[in-house]
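K.L.:
Have a look at this prediction, sequence included:
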Amino acid sequence: MRLSLYLFSVILLCACGGDEKPGRNNGETTDFSAIEELAERGQTIFRDREFGEENVACADCHADFDETLTDEETIRPGSSILGAHRRARTWNGEFSGEALLATAAGAAKCAHLYQGRGSSPANAITQSEAEALMAFYEYISTGEEAMLLPWDALTWPGDTSLSREQLKTEIAKLEGIRGNAQRGEALFKRACAGCHVDGYAPAMRMLRRNVTRNVRAGYGGMPFFSRDKLSDQDVADIRMLLEGK
């Protein structure tokens, strides 16, 4: 486990100079045991499917490792959280500056939209929960991750600049793409089966036969998939599969 590896490095540091080392802010000391405890709490929040009203965890949508270094075929809707603590902005620029700390790099919006917490992102997570998540992000990161990630998503109400009419227009365009059910079956197993474990029919009922809209914009506890995760053709293929079931 990465936390264990980190702890091992901390032990080595302590052996060279005591329990505390000069910190990064104004010569303050760093209490490594407190950092580890906070990061452990953040990890618990990250993996907890009972964190909100919906039975979904941050870990269902975001990896806490570098996905490019594994042979795993799972397609997650969200990006890896490595480096999330140092992002310049998130959610297409909605969160930046101090808001990144208050929302745990935008995790508060996910908690509100998909886990059913709070009346808005502003109160979806507490300050201590945000601090724990940020500590966990930093704990497992190398510090060399990108500060900005590309945004190629079609979301509503995730992106409040997109009106309902614009959403309908974009969905109509996607509905015009002819899909391949055989290819859709392979994609379903990689991107959908992790949550829709009971198969195609229950997934179809949950999506209310509006596959394209719900894959691109999310539905209830289901997050959206951006185009860098599932292409327009991918979505059409999954739709063709499910509509034939």
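P.N.:
On my side now, so go ahead.
K.L.:
contacts and neighbour counts: CA atoms only from here.
P.N.:
Fine.
K.L.:
For the chain, which element, helix or strand, carries the lowest mean pLDDT?
P.N.:
Across the helices and strands of the chain, mean confidence by mean pLDDT, DSSP states H and E is lowest for strand 20-22: a mean of 36.
K.L.:
ranges for the helices of the protein?
P.N.:
For the chain, the helices defined by DSSP state H occupy 2-17, 32-47, 58-61, 98-102, 107-115, 127-140, 164-175, 181-191, 200-207, 211-217, 232-243.
K.L.:
I'd like to know which of those helices lies nearest to residue 82.
P.N.:
helix 127-140 (6.0 Å; C-alpha to C-alpha).
K.L.:
Give me the distance from that closest one to the chain's centre.
P.N.:
14 Å (C-alpha atoms, centre = their mean, to the nearest Å).
K.L.:
got a list of contacts for it?
P.N.:
Residues outside helix 127-140 that contact it (C-alpha atoms under 8 Å, 6 or more residues apart in numbering): 2-3, 6, 35-36, 38-43, 45-46, 64-65, 81-85, 101-105, 108.
K.L.:
again, but for stretch 171-184
P.N.:
212-213, 232-242, 244.
K.L.:
out of those residues, which one sits closest to residue 156?
P.N.:
Among those, and counting by C-alpha to C-alpha, the member closest to residue 156 is residue 213, at 9.6 Å.
K.L.:
tally of neighbours for the residue lying closest to the closest one once chain neighbours are set aside?
P.N.:
Closest residue to residue 213 apart from its sequence neighbours, by C-alpha to C-alpha, 6 or more residues apart in numbering: residue 171 at 6.0 Å. Neighbourhood size, residue 171 [other C-alpha atoms under 10 Å]: 19.
K.L.:
Buried residues in stretch 75-92, which are they?
P.N.:
Neighbour counts over stretch 75-92 (16 or more other C-alpha atoms under 10 Å) mark 75-91 as buried.
K.L.:
and it, C-alpha only, in CSV?
P.N.:
Output of stretch 75-92 as CSV, limited to C-alpha atoms (Å, rounded to 0.1, in the frame of the first residue of the first chain):
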residue,chain,number,x,y,z
ILE,A,75,-12.6,3.0,-17.8
ARG,A,76,-13.4,5.3,-15.0
PRO,A,77,-15.4,8.5,-15.6
GLY,A,78,-13.0,10.6,-13.6
SER,A,79,-9.3,11.3,-13.7
SER,A,80,-6.8,9.9,-11.2
ILE,A,81,-6.5,12.0,-8.1
LEU,A,82,-2.7,11.9,-8.2
GLY,A,83,-1.7,15.6,-8.1
ALA,A,84,-5.2,16.8,-7.3
HIS,A,85,-3.8,18.8,-4.4
ARG,A,86,-1.8,21.1,-6.7
ARG,A,87,-4.3,21.7,-9.5
ALA,A,88,-4.6,25.3,-10.6
ARG,A,89,-8.3,24.9,-11.2
THR,A,90,-11.0,22.1,-11.5
TRP,A,91,-14.4,21.6,-13.0
ASN,A,92,-13.7,23.6,-16.1
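K.L.:
how distant is it from the center of its chain?
P.N.:
Worked out by C-alpha atoms, centre = their mean, stretch 75-92 lies 7 Å from the chain centre.
K.L.:
hmm, who's touching it?
P.N.:
60-67, 95-97, 100, 104-106, 134-135, 137-138, 140-149, 151, 159, 190-191, 223-226, 229.
K.L.:
Pull the number of nearby residues for residue 185.
P.N.:
19.
K.L.:
Surely it is in contact with residue 241?
P.N.:
Yes: assessed by C-alpha atoms under 8 Å, residue 185 is found in contact with residue 241 at 6.3 Å.
K.L.:
Flag the shaky bits of the protein, pLDDT-wise.
P.N.:
Flagging of the chain using pLDDT under 70 yields the residue ranges 1-28, 201-202, 206-208, 245.
K.L.:
and with 90 instead?
P.N.:
Scanning the chain for pLDDT under 90 picks out 1-32, 54-56, 151-164, 193-211, 214, 218-222, 242-245.
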